[in-house]
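Asks: Need the 3D shape of this:
(one chain, ligands or ions: 2)
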Amino acid sequence: MGKIVGLTYDLREDYTFKEDDPPDANAEFDHQHTIEAIEEALRKGGNRVVRIGNVYNLLKKLEELRLDIVFNIAEGIYGRNRESQVPIILELKGIPFVGSDGLTLGVTLDKLFAKKIFFAEGIPTPRCLEIAHPDRVKKIKLNFPLIVKPRYEGSSKGLSVDSVVKDIKSLRDRIDYIVRVYKQPALIEEFIKGKEFTVVVLGNNPPQALPPVQISIDGKLDLGENIYTFAHIRSDSLKYICPAKISSRLRKKIENLAVAVYRATECRDFGRVDIRVDEKNNPFVLEMNPLPSLSWEDVFPLVAKEMGWEYSEIINRILNYALERYGLL
Ligand SMILES: Nc1ncnc2c1ncn2[C@@H]1O[C@H](COP(=O)(O)OP(=O)(O)OP(=O)(O)O)[C@@H](O)[C@H]1O
Ligand SMILES: [Mg+2]
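Replies: Ligands and ions are numbered 1, 2, ... in the order given. I've put the predicted structure just below:
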């Protein structure tokens, strides 16, 4: 039976840049064609779709909405709780929604919080430190090279070739840049040279890892000190490879790790885990993305193809996991 499905999202063109915003402030937001693709997929599944838009539109329309469920891909507007804004309003109003709840979204957007959970659960993740001011860098017990990231951003915001640092001076400069431009503490992590994978996980009881996608940069699978950045996404130098070119043993290890991360952060319905594997084949979790991009250019369509599914099938499977959770299937 088809459902009435509301769609919450943030569009790039809806973002108004503030004067002191970094240039990639709207990088997490979706393109119109992604919204159209999801809408089309849900219709193909026999559902009726009601476009809602961002959190402000949701608040305006809240009283008049008559929906079975909301398919939420809204990134939220501001701050480290931004991804939780839409889910919390829906929860308050008793409207079922697809995907993780506000707590999971908040904890995972803040990379330091998420890593504390990984450490506690024995999930391997690079050693790290939070530094809110460049002057606090004196003797650090981490091994260079290090990578410096904003504490709570996604979509490679704040990351470029200058993020990988090999000495105290460049570490300080980069922390200064992150704190000034992104207005938040920097997370510094030991840099894992080697290979990179991203793993889609679907479902709930139990969650299932789909075939890992391998990242290739400039035609290379051994990435060395190269990292995945916004600049790479926009050029042709970044390629997603599925199935990954690895042994079935390593594949299994990566898939199990992805499911462990998904469970540890209590994700629901769908998610994507970013993993690096060092030169000795030890995997390390970089982050959990409970709100990964469903765009055509991203990994979901590729993984769906590998499973023998159309894009619309993966979208409707995600919807069905949520409906099942609420007993609405
Ligand atoms: N500790 C690390 N060692 C090696 N490379 C790293 C490390 N941390 C991050 N990177 C590189 O930087 C990229 C972006 O980092 P991360 O996934 O933490 O940030 P993000 O902006 O949230 O990513 P996304 O674009 O997936 O939302 C990774 O895909 C990887 O290439
Ligand atoms: Mg990532």
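Asks: Please make it C-alpha for all contacts and neighbour counts, starting now.
Replies: Will do.
Asks: And for the closest residue to N143 other than its chain neighbours, the neighbour number?
Replies: Once flanking residues are discounted, N143 sits nearest to E190: 6.2 Å by C-alpha to C-alpha, 6 or more residues apart in numbering. By other C-alpha atoms under 10 Å, 19 other residues sit near E190.
Asks: Name the residues linked to E190 by a beta bridge.
Replies: E190 has the following beta-bridge partners by DSSP bridges: L146.
Asks: list the contacts for the residue nearest the centre of the chain?
Replies: The centroid of the chain falls nearest to N289 when counting by C-alpha atoms, centre = their mean (2.9 Å). Counting by C-alpha atoms under 8 Å, 6 or more residues apart in numbering, N289 touches 108-109, 271-274.
Asks: who wins for most neighbours among those?
Replies: Highest neighbour count within those, by other C-alpha under 10 Å: R272, with 27 neighbours.
Asks: so after the helix or strand containing it, what's the next helix or strand?
Replies: Under the criterion of DSSP states H and E, R272 resides in strand 270-277. Once the chain leaves strand 270-277, the next helix or strand it forms, by DSSP H and E, is strand 283-289.
Asks: so what's the residue nearest to the centre of the chain closest to, chain neighbours aside?
Replies: Sequence neighbours aside, R272 is the residue nearest to N289 in space, at 5.1 Å (criterion: C-alpha to C-alpha, 6+ apart).
Asks: And for R12?
Replies: In space, and not counting its chain neighbours, R12 is closest to F29: 5.0 Å by C-alpha to C-alpha, 6+ apart.
Asks: Check L103 too.
Replies: In space, and not counting its chain neighbours, L103 is closest to S84: 6.9 Å by C-alpha to C-alpha, 6+ apart.
Asks: quick one: buried residues of stretch 64-72?
Replies: Buried positions in stretch 64-72, judged by neighbour count with 16 or more other C-alpha atoms under 10 Å: 68-72.
Asks: List the residues that contact the nearest residue to D176 once chain neighbours are set aside.
Replies: Closest residue in space to D176, ignoring its immediate chain neighbours: P134 at 5.5 Å, by C-alpha to C-alpha, 6+ apart. Contacts for P134 (C-alpha under 8 Å, 6+ apart) come out as 172-173, 175-176.
Asks: mind putting these in TSV, secondary structure, distance to ligand 1 and pLDDT included?
Replies: Shown next, in TSV, are the contacts of P134 (DSSP: H, G, I helix; E, B strand; the rest coil; distance: C-alpha to the nearest ligand atom, whole Å; pLDDT from 0 to 100):
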residue	secondary structure	distance to ligand 1	pLDDT
R172	helix	17	95
D173	helix	18	95
I175	helix	15	96
D176	helix	18	95
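Asks: Give me the buried subset of those residues.
Replies: The buried subset of the contacts of P134 (16+ other C-alpha under 10 Å) comprises 172, 175-176.
Asks: State whether the residue nearest to L103 is indeed within a strand.
Replies: No. S84 is assigned helix when assessed by DSSP: H, G, I helix; E, B strand; the rest coil, not a strand.
Asks: Share the number of residues neighbouring it, please.
Replies: 21.
Asks: Domain map for this structure?
Replies: What automatic domain parsing lists as the domains of the chain is 4-98, 127-190, 193-290.
Asks: does any bit of the last one sit next to ligand 1?
Replies: Read it as domain 193-290. Yes. Domain 193-290 lies within reach of ligand 1 by C-alpha under 6 Å from any ligand atom, at 193, 227-228, 274, 286-287.
Asks: Please produce a markdown table containing the residues you listed, extended by distance to G6 and pLDDT.
Replies: As requested, those are exported to a markdown table (distance: C-alpha to C-alpha, whole Å; pLDDT from 0 to 100):
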| residue | distance to G6 | pLDDT |
| --- | --- | --- |
| K193 | 42 | 96 |
| I227 | 36 | 91 |
| Y228 | 33 | 87 |
| D274 | 29 | 98 |
| L286 | 32 | 98 |
| E287 | 28 | 97 |
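Asks: With distance to V261 added, can I get those in JSON lines?
Replies: Below are the residues of domain 193-290 next to ligand 1 laid out as JSON lines (distance: C-alpha to C-alpha, whole Å):
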{"residue": "K193", "distance to V261": "21"}
{"residue": "I227", "distance to V261": "22"}
{"residue": "Y228", "distance to V261": "21"}
{"residue": "D274", "distance to V261": "10"}
{"residue": "L286", "distance to V261": "10"}
{"residue": "E287", "distance to V261": "9"}
